[in-house]
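Undergrad: need coordinates for the below:
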Amino acid sequence: MGLFSKIFGGRKSSNVKSFATKQSFLRSYRVAGGKSYYGGGWGLARFNDVVNAHSSVDGLVEEFTIYDEGCSYMSLDGYPNCYTQAYQEEYEKAAAEAAVMNMFGMDVDPEELMDFEAVEENAYNYACDLVNAWLDGSDWIPEEVMDFAWYELSSHNM
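TA: Modelled structure (predicted):
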């Protein structure tokens, strides 16, 4: 009986109990929110709560101009940004068309064949995908975006 009372009783037991209670609550909170039992944590959950209450995916995309050519956030596919990814993909399509036209004696620059509306639309879609990845925890949220959520969107956190 002395061994069990030392393990489950006294001061050390309260530390173990406290740790176990917090861990199970955190993980239960994630499961209740539709997330996996592991990962994410409070920061991600709070970020989602703030964005859901005060903004949206489109709101964050617009606020940080994530679709823009000069954006500093890397796309999910590893391009320097979402615009670069969209531009490069459209350029590759146009280059293939230009190569065929050049075979028939027509000298065509691939940029002349590009659909820049498609570039802008795809860049915006890739930006939305990136923000969704932040929200679901599959990609790291940049610090300035977190700060914006805490101190700008949710003004009661000041």
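Undergrad: count the neighbours of Met101 for me.
TA: By other Cβ atoms under 10 Å, the residues close to Met101 number 13. (C-beta placed from N, C-alpha, C; glycine too.)
Undergrad: roughly how far apart are the residue nearest in space to the middle of the chain and Leu113?
TA: Geometric centre of the chain, nearest residue: Trp134, 2.0 Å, by Cα atoms, centre = their mean. With distances taken as Cβ to Cβ, to the nearest Å, Trp134 is found 34 Å from Leu113.
Undergrad: low-confidence bits of this structure, can you list those?
TA: Within the chain, the stretches with pLDDT under 70 are 1-42, 155-158.
Undergrad: please repeat the previous calculation with a cut-off of 80.
TA: 1-43, 154-158 (pLDDT under 80).
Undergrad: show me the domain layout of it.
TA: 1-39, 40-157 (automatic domain parsing).
Undergrad: tell me how far the longest one lies from the chain's centre.
TA: Per Cα atoms, centre = their mean, to the nearest Å, the displacement of domain 40-157 from the mean C-alpha position of its chain is 10 Å.
Undergrad: all strands of this protein, in order?
TA: Taking DSSP state E, the chain contains no strands at all.
Undergrad: which residues of it fall in helices?
TA: All helices of the chain, identified by DSSP state H, fall at 2-8, 10-32, 42-54, 57-63, 82-103, 110-113, 116-136, 143-147.
Undergrad: helices or strands next to the shortest one in the packing?
TA: Helices and strands touching helix 110-113, as assessed by 3 or more Cβ pairs under 8 Å, 6 or more residues apart in numbering; DSSP states H and E, comprise helix 82-103.
Undergrad: list the buried residues in the helix it packs on.
TA: Going by neighbour count (16 or more other Cβ atoms under 10 Å), the buried part of helix 82-103 is 82-87, 89-91, 94-95, 98.
Undergrad: could you dump those to a markdown table with distance to Ser56?
TA: Output for these, formatted as a markdown table (distance: Cβ to Cβ, whole Å):
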| residue | distance to Ser56 |
| --- | --- |
| Cys82 | 17 |
| Tyr83 | 21 |
| Thr84 | 24 |
| Gln85 | 22 |
| Ala86 | 21 |
| Tyr87 | 26 |
| Glu89 | 26 |
| Glu90 | 27 |
| Tyr91 | 31 |
| Ala94 | 33 |
| Ala95 | 36 |
| Ala98 | 39 |
